[in-house]
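Chemist: Sequence first, predicted model second:
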Amino acid sequence: MSLERLLQDELIVATAGVEILEQALIDQATTIAAADWSPPAAGTEGALATLAAAGRTEAANATAIERMLAVRPQFVDVGVARDIIPGMTDTMFLHAGPPLTWDRSSGPIKGAIIGALLYEGMAATAEEAEEISAGGGITMSPCHHHQTVGPMAGIVSPSMPVAVVRDAGGDGVAYSTLNEGLGKVLRYGAYGPEVIERLHWMGNILGPVVAATLEYVGPIDLQSLIAQALQMGDDGHNRNRAATSLLLRSLGPGLVENESVPLADRGTVFRFIESNDHFMLNLVMAAGKLAVDAAAGVEGSSLVTTMARNGTDFGIRLSGTGDRWFTAPAPIVDGLFLGAFTKADANPDIGDSAITETVGLGGFAMAASPAIVGFVGGTASGAVRRTQEMYEITLAEHSAYQIPQLEFRGTPVGIDATLVVRTGVQPQINTGIAHKDPGIGMVGAGLVKAPMQCFAEAVVALADTMQ
Amino acid sequence: MIDRITVHPGRYHDSVRLMQASQVLRTAAGVEEALVAMGTELNLTLLEDLHFDPEQLVGVGPNDLIVAVRAVDEAALATTDHILEEALAAKRGSSEPTDSPPAHLVETAAATIDANLALISIPGRYAFVEAMAALRAGLHVMVFSDNVSIEHEILLKEEAARRDLLIMGPDCGTSIVGGVGLGFANAVRPGSVSLVGASGTGIQQLTCLLDDAGVGIRHAWGTGSRDLSEAVGGSSTLRGLAALDADPATDVIVVVSKPPATAVATAVRTAASRCSTPVVIAFMEPGSTLEGAAGAVLSLLGREPAAFTIWPAGSGDHRPGVLRGLFSGGTLRDEARFIIEPVIGPLSLTETTEGSSLVDYGDDVYTEGRAHPMIDQTVRLERLESTVTNTSIGVVLLDVVLGYGANPDPAVELAPIIRILSGAGIAVVATLCGSKGDPQGLDYQAGLLQKAGAAVFLSNAAAATRAAELVGGEA
């Protein structure tokens, strides 16, 4: 669109600001589109000007998003956390979200750590587990610092089986826990006997059987499964029914034919995955972790590489600001509640699962998932709208993840923190809701928006790197 | 309390719909507790936790829909059937509009219609970021906003040059691009004369004079008031000049500006002399008028000199006294000053109680917290009223600017006070900067002013000359 072209072309105008100037153009029968402009998030005005003046963000973001989209995640193995997760120790307990201490931990985190201590045999009772944790007997560390992600409390203890997801196009590796199912489960802070018993079964049977099955069927291309699942009504966060079914189909030949595994175990593993619509969620998350880690560390980039919550704080990280977290109090999820539970029972937002939104799934792919539109008040068009809003704060449209309802447009992917503060549009997250007290579990699911404060602070910090 | 559990084998609804239905039921009159759910293990446990009878749930599986309700009596229970069916029924005809959500940023709005230009008139402190984003999105940009720092103006102009894009402003009030008026612009006829200028009202006056003489306009690119300062160095003016020179449909180019920095003036003159298209330079210095620039254009086009339209006042004596000039356009005020001062001596450029003055009410001092006097005449009307009682005043000089963006009917607001002034013996002279195509109606506006007693001139120089004569004649 050169200056020379302007001399000849019909003028088509986008406006921001005074309404009478828009009206004047309409009166002249000129095609216009008026932006619904409002001032940027408080405190970001100077930082935005610094970034605009420096002019380095655009190229940095192009590099970062290209790296994010180039990742080819494959589910290759299941191993034991202490053996494979970088930096893991015998007393380390990984958790979701930004860094956290025991005394600031919410109910679900405490409950899940208690459960993990019981599972590890490091404590005999919940009371003892609490004493150990409060007395500094364990090291807490964010999953995100260890190439790992975990939904809800996201607790990973040394003996737990973890999924291994590798980049077929590079040397990246990411890890996640295996999904336990819904209801009274560790990740929602429950630690009753049935929870611990299930964890043992997962460590003794599920992990090894899935590992053996993967060896039999070969690596499973997760991006392909997720892409198909979006066209079958999943959003990749709150609905994973299609993706789990596709995964089970991929594992199927191994579960049926691989006689090196006892038939009974193959059967229970099949039933376990079959009965848990969310089994695939953790793998989608590990695939996402692979993508964001590939995009991290690009100087000057305002690409959001992490959105994660620990039940107390909501935290984000940018590609251009290194390992620094920008946090705000975790918001309460607006949602629908199971049984007699209400909003008063809800813990603030929790989990690494917002990694899905960070890579263009979940709330960003909601248009693909009419089955979960109830969370937005009941209409499919409302879900479409929420996804459409995300295009204004993202850098690209996903090359593989497409939305049939939007004429197979790629999902909005790669949140640009500067666009978030300029538009005032907060990233939309679809998520589960944990009970605020330890030991209870899941109480509902719903929608939450990432707090603006995180993005505002991150943009200011990014601008500081320009000086 | 009565519990009722109904099982519908094989009936399926997604869990979200069922959670909603449960909520609706729970809030129904007489209902104590309700759960509508598929018979999964989790839901069966929930029902037990709610103390529904597990005996009734034996054999129920994940493909069965369970409706469990606890109500105060049978009547309340009975109403729940209808409520539930309604809650589970597909919503019809209630869908939200599916069109795209509104764009918040100008570059996003541009993408929806494949726009080629962004017009930015947000508060100045935010304008740099938005204008830069628009340039980086490949858009030509007009920044109407003022209060953008000169450092940011320079960055915007450098970025535009790198991307071969046009940047008009910051503080660009008037432009015409391909016949479309942006900001304050007059509806002048299309033609082959193009302007580039750092003066909004200068562009408006010149395009209106040419229109009056039957000459049309192709482009009129405002550059922003500081473009010809030493710091900015005439970036937009020089690039505009080069682009218009390369435009085969432009026969004459006019550069119009307040007096530029000396070095910049030289650069502009040098660039103009190298153009293959004839260039008229109209720097608004003493001795140069917009009428003169219009005459030079007419001459280059091989046309006869024009007599610009006048709507004369009725003959009548006016009382002797000093001059009050109340302007809304800065360039028009300056032009009047250069014409009047040689006749009657130095003028005050700020409000004064004694002696003659010419005040620009478009200046920041008078516009803080209110719209420009081209839109909102309140301040000027107040000052005009106070003139009546000031017996030292003999002549009032005004500009009335028409066109897109301007006050929809300025003469109607001015006519009553002009009538009072004329009645009191004060001579009223008005510049009417407008074209026949303007939405306010040129002749209609002129007629109202004239009937109220004003002498109305299309040319500001002519109006100033007349005002000087009237004051000078009494001197």
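Modeler: That came in fine, so what should we check first?

Chemist: Could you use CA atoms for every contact and neighbour count after this?
Modeler: Fine.

Chemist: State the distance from the residue nearest the centre of chain B to chain A.
Modeler: For chain B, the residue nearest the mean C-alpha position is B:Gly183 (4.8 Å; CA atoms, centre = their mean). Per CA to the nearest CA, to the nearest Å, B:Gly183 is found 6 Å from chain A.

Chemist: what's the answer for B:Ala455, then?
Modeler: 29 Å.

Chemist: So for stretch B:223-230, what gets flagged as buried?
Modeler: By neighbour count on 16 or more other CA atoms under 10 Å in any protein chain shown, the buried set for stretch B:223-230 is B:223-229.

Chemist: what sits up against it?
Modeler: With contacts defined as CA atoms under 8 Å, 6 or more residues apart in numbering or on different chains, stretch B:223-230 is touched by B:167-173, B:196-199, B:232-237, B:257, B:260-261, B:263-265.

Chemist: try it again with 7 Å
Modeler: B:168-172, B:197-199, B:232-237, B:260-261, B:264 (CA atoms under 7 Å, 6 or more residues apart in numbering or on different chains).

Chemist: Restricting to C-alpha, output it in PDB.
Modeler: Provided in PDB are the C-alpha atoms of stretch B:223-230 (Å, rounded to 0.1, in the frame of the first residue of the first chain):
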ATOM      1  CA  THR B 223       1.100  17.600   7.300                       C
ATOM      2  CA  GLY B 224       0.500  18.800  10.900                       C
ATOM      3  CA  SER B 225       1.300  22.200  12.300                       C
ATOM      4  CA  ARG B 226       4.900  21.400  13.100                       C
ATOM      5  CA  ASP B 227       6.000  19.700   9.900                       C
ATOM      6  CA  LEU B 228       8.000  22.700   8.700                       C
ATOM      7  CA  SER B 229       9.700  23.200  12.100                       C
ATOM      8  CA  GLU B 230      13.500  22.700  12.200                       C
END
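
Chemist: how much distance is there from that stretch to the middle of the chain?
Modeler: How far stretch B:223-230 lies from its chain's middle: 20 Å, per CA atoms, centre = their mean, to the nearest Å.

Chemist: Let me see the mean pLDDT of that stretch.
Modeler: Here stretch B:223-230 scores 94 as its mean pLDDT.

Chemist: which strand residues sit across from the residue nearest to the centre of chain B in the sheet?
Modeler: The partner list for B:Gly183 in beta bridges (DSSP bridges) reads B:Thr174.

Chemist: Go through chain A and flag its longest helix.
Modeler: helix A:241-257 (DSSP state H).

Chemist: Are any of the contacts of stretch B:223-230 buried, and if so which?
Modeler: B:168-172, B:197-199, B:232-237, B:260-261, B:264.

Chemist: How are the strands of the stretch 201-350 of chain A distributed by residue range?
Modeler: Ranges of strands in the stretch 201-350 of chain A, per DSSP state E, counting those that start in this stretch, are A:220-221, A:304-310, A:313-318, A:326-329, A:334-337, A:350-351.

Chemist: Would you mind listing the outside residues contacting the second one?
Modeler: Surrounding strand A:304-310, the residues in contact under the criterion CA under 7 Å, 6+ apart are A:96-98, A:153, A:292, A:295-296, A:314-319, A:330, A:349-352, A:354-355, A:358, A:414-417.

Chemist: From those residues, list the buried ones, please.
Modeler: Among the contacts of strand A:304-310, those classed as buried by 16+ other CA under 10 Å are A:96-98, A:153, A:292, A:295-296, A:314-319, A:330, A:349-352, A:354-355, A:358, A:414-417.

Chemist: check contacts around B:Ala198.
Modeler: B:222-225, B:227, B:256-258.

Chemist: typo on my end, it should be B:Val297
Modeler: Here B:Val297 is in contact with B:252, B:280 (CA under 7 Å, 6+ apart).

Chemist: distance of it from B:Ala467?
Modeler: 26 Å (CA to CA, to the nearest Å).

Chemist: what do you get for B:Val456?
Modeler: 11 Å.

Chemist: quick one: average pLDDT of stretch B:386-397?
Modeler: Stretch B:386-397 comes out at a mean pLDDT of 90.

Chemist: and if you look at stretch A:445-462?
Modeler: 96.

Chemist: and if you look at stretch A:100-114?
Modeler: Per-residue pLDDT values over stretch A:100-114 give a mean of 97.
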